[in-house]
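Undergrad: any chance you can model this:
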Amino acid sequence: VDGSPCNLDLQSRKIVLTRPNNPVLVLRGSEVPQSLLHTFTLTVTTPQGATGIASTDVVLSPGPSPGSCSVSPASGLAYNTTFIFRCESWTGGTKLLYAFLDEDLGILRAALPSSTFATTLPGAATPGVSQVVVNA
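TA: Numbering: from 1, shown residues only. Now for the predicted structure:
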């Protein structure tokens, strides 16, 4: 850690994987600078001009060694087909937790100790479309 400030654009969908009003903040690991200590600071100013500031330090582990992820089946019917998400051969120095995300819906499941997750998925945004295609 060199102590220099790093400003992340928390409005960027390239960096932030969760929706803006979600109480959980999930960042894309490849977009976060590779230091072990990060300080997040939130500054709020009321319309009357009063200001409040809060900070917290977050210590990051070096991250896991990559494995692979898959989903089965690759397509199915919305609200009907059970999709099984599976991640294998990931290793790390700490206990691994898995998060399964949808770019439009946000988090499907987060902080799972299991590398397998089964769920049905909602349909596309287009009315009358019931086919769901999943890419791992």
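Undergrad: low pLDDT regions in the chain?
TA: Across the chain, residues meeting the criterion (pLDDT under 70) sit at 1-6, 35, 61-62, 93-94, 100-111, 123-136.
Undergrad: which residue of it sits farthest from its center?
TA: The outermost residue of the chain relative to its centre, with distances by CA atoms, centre = their mean, is Gln48 at 34.9 Å.
Undergrad: quick one: the helices in this structure?
TA: Under the criterion DSSP state H, the chain carries no helices.
Undergrad: what segments of it are strands?
TA: Defined through DSSP state E, the strands belonging to the chain, from first to last, are 37-45, 51-59, 68-72, 75-77, 83-88, 98-102, 106-112, 116-119, 131-133.
Undergrad: bridged to Arg86, which residues?
TA: The bridge-partner assignment for Arg86, based on DSSP bridges, gives Ser70, Thr116.
Undergrad: shouldn't it be in contact with Gly67?
TA: No - using CB atoms under 8 Å, Arg86 is not in contact with Gly67; the gap is 10.2 Å. No exception for glycine: its C-beta is placed from N, CA and C like everyone else's.
Undergrad: between those two, which one's more packed in?
TA: Neighbours per residue (other CB atoms under 10 Å) separate Arg86 from Gly67, with Arg86 holding more: 16 against 12.
Undergrad: quick one: that one from Tyr98, how far?
TA: When distance is defined by CB to CB, to the nearest Å, Arg86 is 10 Å away from Tyr98.
Undergrad: so what sits against both of those two?
TA: Overlap of the contact sets of Arg86 and Tyr98 (by CB atoms under 8 Å, 6 or more residues apart in numbering) consists of 115, 117.
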